[in-house]
Each structure stands twice: as structure tokens, then as C-alpha cells.
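1. Attaching a predicted model along with its sequence, questions to come.
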Amino acid sequence: MSSFPQPFSSWLNTPAHHAWLAAEGLRLLDFAKASRLAEGFGNLDAQGRLAADAHAETMNTARMTHSFAMAHIQGLPGYAGLVDHGIAALAGPLRDAEHGGWFAVAGQGDGNDGKAAYLHAFVALAASSAVVARRPGADALLAEAIRIIDAHFWREEEGAMAESFNRDWSEQEAYRGANSNMHATEAFLALADVTQDPRWLNRALRIVERVIHIHAADNDFMVVEHFDLAWQPLREYNRAFPADGFRPFGTTPGHGFEWARLLLHLEASRGQAGMLTPGWLALDAQRLFQSNCRNGWNVDGAPGIVYTLDWDNRPVVRQRLHWTHAEASAAASALLKRTGEAHYETWYRRFWEFCEAHFIDRQHGSWHHELGQDNAPSAEIWGGKPDLYHAWQAVLIPRLPLAPSMASALAQVSVPGLV
């Protein structure tokens with residue numbers, strides 16, 4: 001893999017920008033501490049409070065554990081206990097002790113709970129980061145997460161993850177999803193670093209080849225999200241529920257940016273491992289970024305990236321979500337590092353200026369998670385401020401190399417501005 005120096009004037013090279021990113025990260029982390037519940041971590045409202053009936057969820061517990069582990073790895077006091085709490089929750093109330101795997105919400109177990117690949121990918125990611133952080137119980141959690149992925153989710157004949165199962169694993173959902181496979185790719189990159197097992201990088205490449213190099217490439221590098229069991233696109237999926245938070249109708253520009261970044265991480269990771277690394281990884285990353293900027297940014301007359309588009313690239317759900325812009329910024333920084341091309345610097349600055357102007361909440365803390373068409377805060381898709389993961393990673397990625405994965409990079413590399 002080749003990498004190129006950024007332009008001399010790049011924000012990625014300036015101590016002040018690194019300090020700004022570090023300060024924003026500390027602010028995000030401090031806000032998120034309040035999400036702790038007895039059985040894991042819950043969802044915070046717009047003011048950073050837990051509701052009276054708040055409950056622990058596997059998704060947020062895993063994401064918080066991963067995020068707090070990266071804080072601890074940097075040497076930030078006050079996060080070790082939060083990592084340990086997350087490990088205990090994922091090993092205890094959130095885990096299905098009878099059938100294995102993880103519930104979506106603590107206390108489930110009535111026979112109607114599905115086991116979703118999306119959630120299990122985050123459990124594996126959290127466990128891998130906790131292992132890097134050297135927290136007690138992390139190794140056992142990681143071993144169990146890997147066992148479940150191998151036993152139930154990974155489909156060697158498809159080169160991808162199955163989507164979901166009923167509680168006892170006897171029935172699978174007749175669906176394949178790009179989103180769950182995207183987060184599996186992210187987790188597999190981390191697993192490769194922690195286990196030193198190259199099969200995870202080979203699995204990640206097979207996922208990327210199917211979802212991006214075949215299907216997205218055939219759709220002008222706008223990611224096709226929904227498939228049947230034979231990996232035939234389901235273009236009408238959720239047309240009646242276009243604003244679904246996880247499986248919306250049409251294409252999702254935010255995922256195009258997230259995939260672009262992951263392709264570059266995969267390229268760099270395979271290069272570091274001395275593995276055969278296809279040249280199309282970097283080219284596809286650039287094409288993803290280009291198409292999703294062209295089709296997603298400022299397409300309805302206002303700045304920002306819309307949530308979804310139809311198959312003719314017309315806006316469907318016009319809300320701007322914070323995670324989309326966090327991923328766009330992170331992708332721009334990764335492409336800038338990889339290519340040294342100045343237009344990625346332009347996009348990187350544009351995305352951060354937009355986030356500072358509209359998403360970052362200096363009054364109540366953290367980021368507004370959703371903006372309406374007028375770029376004022378709204379809560380039609382994502383209410384409150386439950387998510388630390390996307391914004392926290394967005395302030396870390398510009399300061400880290402493309403490989404190894406984030407927790408391992410924080411443990412191994414001296415990075416300016418990481419305090």
C-alpha cells in the first residue's frame with residue numbers, strides 16, 4: 001500500500017487541530033459517563049439524562065465499552081471501571097446463558113428475541129478493545145464472541161454473515177444485510193490485530209468484495225443495503241418505512257462513507273500483514289466517497305448530507321444524522337492520508353465546519369443526533385443523545401494511522417494530540 005504526505009496546509013498536520021479534536025473527545029466522553037445502568041449502558045436524552053425507565057441495551061453497552069476502552073488505553077483516568085462494567089454486563093445480563101449469544105435488551109428471554117449479527121459484531125469489537133485495554137474478563141468475552149460468530153453467523157460459502165436467528169438458533173431470517181456485514185468488517189479488522197489470525201482479514205475482504213466491489217460497483221458506488229438469501233438486491237425493501245433507523249428504504253450515503261474508510265483500513269491492514277492486497281480497495285474507496293458526496297451533500301438546497309436516497313438518487317428522508325457526518329469526516333481524513341489529494345482536505349474541512357455549526361451542542365453537551373431539513377435539531381428518527389461511538393471515533397481517526405485498528409493503534413503508536 002502506498003501513502004502520501006498531506007498538503008503542507010492540511011489540518012491533519014496542525015497541532016491546533018489535533019488539540020481541538022482531543023478536547024472534543026474529552027467533552028464527548030465526559031457526557032457519556034452518565035449512561036451507566038446496573039445492567040450495562042442506556043440511552044441518554046438531549047440533556048444527558050437517563051429516563052426513569054431506561055434499560056440496558058447490547059448495542060449501546062458494546063459501543064460504550066469499546067469507546068471507554070479506547071479512552072483507558074490512552075491513559076485517561078476514570079474509564080477503567082466503565083470498561084469493566086461493560087464487560088460484566090456483556091458476560092452477564094445481556095448474554096443468553098441458555099442458548100448462547102446476546103439479547104438486544106437486558107432481561108429478555110421470552111422466546112421471541114432474535115440474535116442479530118449487527119449486535120454480535122459490536123460485542124466482538126468491544127471485547128477486542130477491552131483485551132487491548134488489558135481489562136479482566138475481556139479475554140473470555142472475546143473467546144465467546146468469536147465462538148458464536150464461527151458457530152452461527154459466518155457463512156463460508158457466501159463469504160458473508162447471516163443476518164439474524166431466533167433465540168435458539170433454529171430459524172434464520174430470510175434476509176442478508178449490508179449494514180451488519182459492514183460492522184462485521186469493522187470487528188474483523190480488530191479481531192485480526194488482537195488474535196493475529198489472518199482469517200479475519202480474509203473474511204473482511206470477502207465481505208467487501210461482495211457488498212462493494214460487486215453490488216455497490218454495479219450501482220454507481222451507492223451501497224445496496226438489502227438482499228435476499230441468494231444475495232439478490234431487494235430494492236423495494238421498507239419502501240413503506242423509509243426512515244427506519246437500521247434498515248431504511250433506498251441507499252444511505254452515510255454507509256457509503258463508512259465503507260470507504262473501512263476499505264482503506266482493510267488495505268492497510270493486509271499490507272502490514274504482508275498479505276495479497278487488491279488494488280481495487282483504494283479505487284473503490286475513492287469512488288464510494290465521490291458518489292456519496294455528489295448524491296448526498298446539499299441535494300435538497302441546504303447544506304448537509306441527507307439520510308436516504310431513492311434508486312434515482314433523489315432525497316427520500318431529508319433529516320441529517322450526526323453519525324453520517326462523523327463518518328463522512330472520518331472517510332475524508334482517511335482518503336487524505338491515503339492519497340494526499342487536496343480535494344479531500346476541502347471535504348474534511350467542510351464536514352467539520354458543518355458539524356461545529358449544527359451538530360456540536362455546546363450548551364447541553366455531546367452532539368445533536370438529528371437535524372431536520374432546516375438544519376435545526378429534531379428527533380423524528382433518533383431522539384436524545386445515546387451514541388458516543390460515531391463522534392468519538394471521528395475525533396480519533398484523523399490522528400491515527402490507517403492500520404492497525406483503532407484500539408491497537410492507540411496502544412502501539414505515539415500520536416500527537418492524544419492526551
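-> Okay, I see it. Numbering: from 1, shown residues only.
2. For the nearest residue to W382 once chain neighbours are set aside, the count of nearby residues, please.
-> Spatial nearest neighbour of W382, chain neighbours left out: H369 (4.3 Å); criterion: C-beta to C-beta, 6 or more residues apart in numbering. All C-beta spots, glycine's among them, are computed from the backbone N, C-alpha and C. Neighbour count of H369, defined by other C-beta atoms under 10 Å: 24.
3. Need the pLDDT of H369.
-> Listed pLDDT for H369 reads 98.
4. List the contacts of it.
-> The contact partners of H369, taken as C-beta atoms under 8 Å, 6 or more residues apart in numbering, are L321, H322, W323, A379, W382, G383, G384, K385, P386, D387.
5. Distance check, the first one against A268.
-> From L321 across to A268, the span is 27 Å (C-beta to C-beta, to the nearest Å).
6. Equivalent analysis for G78, please.
-> Taking C-beta to C-beta, one finds G78 at 31 Å from A268.
7. hang on, E225 packs against T251?
-> Yes - judged on C-beta atoms under 8 Å, E225 makes contact with T251 at a distance of 6.8 Å.
8. rewinding a little: of G78 and A268, who's got more company?
-> Legend: neighbour count by other C-beta under 10 Å for G78 and A268, higher for A268 (24 against 12).
9. next SSE after the host helix or strand of that one?
-> Per DSSP states H and E, A268 falls inside helix 253-272. Later in the chain than helix 253-272, the nearest helix or strand by DSSP H and E is helix 280-296.
10. Which of the residues in that following helix are classified as buried?
-> 280-282, 284-293, 295-296 (16 or more other C-beta atoms under 10 Å).
11. Check which helices and strands that helix is in contact with.
-> Other helices and strands packing on helix 280-296, by 3 or more C-beta pairs under 8 Å, 6 or more residues apart in numbering; DSSP states H and E, are helix 253-272, helix 322-339, helix 342-354.
12. Narrow the contacts of H369 to just the buried residues.
-> Buried members of the contacts of H369, counted by 16+ other C-beta under 10 Å: L321, H322, W323, W382, G384, K385, P386, D387.
13. residues near A62, how many?
-> Using other C-beta under 10 Å, A62 has 30 other residues around it.
14. Can you tell me how far it is from L119?
-> According to C-beta to C-beta, A62 stands 7 Å off from L119.
15. on that earlier part again, got TSV for the helices and strands packed on helix 280-296, with mean pLDDT too?
-> Putting the helices and strands packed on helix 280-296 into TSV (pLDDT from 0 to 100) gives the following:
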stretch	mean pLDDT
helix 253-272	98
helix 322-339	98
helix 342-354	98
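16. Which one, of those, ends up nearest to N179?
-> The closest of the helices and strands packed on helix 280-296 to N179 is helix 253-272. By C-beta to C-beta, the value is 6.6 Å.
17. Quick one: list the elements packing against that closest one.
-> Using 3+ C-beta pairs under 8 Å, 6+ apart, helix 253-272 is in contact with helix 178-195, helix 199-208, helix 280-296, helix 322-339.
18. where along the protein do the helices fall?
-> Assigned by DSSP state H, the chain shows helices spanning 15-32, 58-73, 80-91, 117-132, 138-148, 178-195, 199-208, 253-272, 280-296, 322-339, 342-354, 389-396, 406-412.
19. With distance to E98 as new columns, can the ones you listed be given to me in TSV?
-> Putting these into TSV (distance: least, C-beta to C-beta, whole Å) gives the following:
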stretch	distance to E98
helix 15-32	31
helix 58-73	16
helix 80-91	15
helix 117-132	16
helix 138-148	13
helix 178-195	23
helix 199-208	28
helix 253-272	34
helix 280-296	41
helix 322-339	34
helix 342-354	45
helix 389-396	29
helix 406-412	31
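20. Looking at the ones you listed, spot the one closest to R49.
-> Nearest to R49 among these is helix 15-32; the distance by C-beta to C-beta comes to 10.8 Å.
21. Run through the neighbouring helices and strands of that closest one.
-> helix 58-73, helix 389-396.
22. State the mean pLDDT of the shortest one.
-> Spelled out, that is helix 389-396. 98.
23. before we move on, what about stretch 90-108?
-> Mean per-residue pLDDT for stretch 90-108: 94.
24. What of stretch 218-238?
-> 98.
25. Regarding it, how distant is the last residue from the first?
-> Terminal residues of stretch 218-238 are spaced 21 Å apart (C-alpha to C-alpha, to the nearest Å).
26. what's the spacing between it and its chain's center?
-> Remark: stretch 218-238 is offset 20 Å from the chain centroid, using C-alpha atoms, centre = their mean, to the nearest Å.
27. what do you get for stretch 214-228?
-> With C-alpha atoms, centre = their mean, you get 19 Å for stretch 214-228.
28. From one end of that stretch to the other, what's the distance?
-> 15 Å.
29. what do you get for stretch 156-174?
-> End-to-end for stretch 156-174, by C-alpha to C-alpha: 17 Å.
30. In that stretch, which of the residues would be classed as buried?
-> Buried residues in stretch 156-174 (16+ other C-beta under 10 Å): E158, G159, A160, M161, A162, E163, S164, F165, R167, W169, Q172, E173.
31. Next: stretch 22-31.
-> A22, E24, G25, R27, L28, L29, F31.
32. ok, and the closest non-adjacent residue to I148?
-> G101 (5.1 Å).
33. count of residues packed around D310?
-> Neighbour count of D310, defined by other C-beta under 10 Å: 14.
34. I'd like the distance between it and E380.
-> Taking C-beta to C-beta, one finds D310 at 19 Å from E380.
35. how close does S291 sit to P253?
-> 9 Å.
36. Next, show the common contact partners of these two.
-> M222.
37. Distance check, A376 against F359.
-> Computed as C-beta to C-beta, the A376 to F359 distance reads 11 Å.
38. Cool, thanks, signing off.
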